[in-house]
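>>> missing the sequence, but the structure's below:
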């Protein structure tokens, strides 16, 4: 449990303080641990290493764009494919 607590706390600190330079040692420690879930998470991070490193290092974020896309998809789902473009446009502008 201490290992899990330490690794999760370290990763959360990297996220909060944008310390991408600590990613390699963290991944190595997670892969060396006995916890299969942490090893799997670390393997998943390595699959898209550049994006993860940039997300932990750079100040730019696509969060606002992702939120807008999620909102648009929710509006579209609400209409169940029955709305034409004019109605969808009005719903987007009003919400």
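Alright, I've got the coordinates. Given the structure is predicted, the values throughout are model-derived calculations rather than measurements.
>>> other residues contacting the particular helix or strand that has residue 86 in it?
In the assignment (DSSP states H and E), residue 86 maps to helix 85-94. By C-beta atoms under 8 Å, 6 or more residues apart in numbering, the residues outside helix 85-94 that reach it are 72, 75, 76, 78, 79, 83. For the C-beta atoms, the positions are set from N, CA and C on the backbone; glycine is no exception.
>>> at 10 Å what do you get?
When contacts are defined by C-beta atoms under 10 Å, 6 or more residues apart in numbering, helix 85-94 is touched by residues 68, 71, 72, 75, 76, 78, 79, 83.
>>> in the strand or helix carrying the third one, which residues are buried?
Here residue 72 sits within helix 63-78, counting by DSSP H and E. Residues residue 75 are the ones in helix 63-78 that count as buried (16 or more other C-beta atoms under 10 Å).
>>> could you do stretch 14-23 as well?
Neighbour-count burial for stretch 14-23 flags 14, 20, 23 (criterion: 16+ other C-beta under 10 Å).
>>> avg pLDDT for the helix holding residue 86?
Summarised as a single mean, pLDDT over helix 85-94 is 82.
>>> what angle separates that helix from helix 63-78?
Here the directions of helix 85-94 and helix 63-78 differ by 130 degrees (axes from the mean of the first three to the mean of the last three C-alpha atoms, to 10 degrees).
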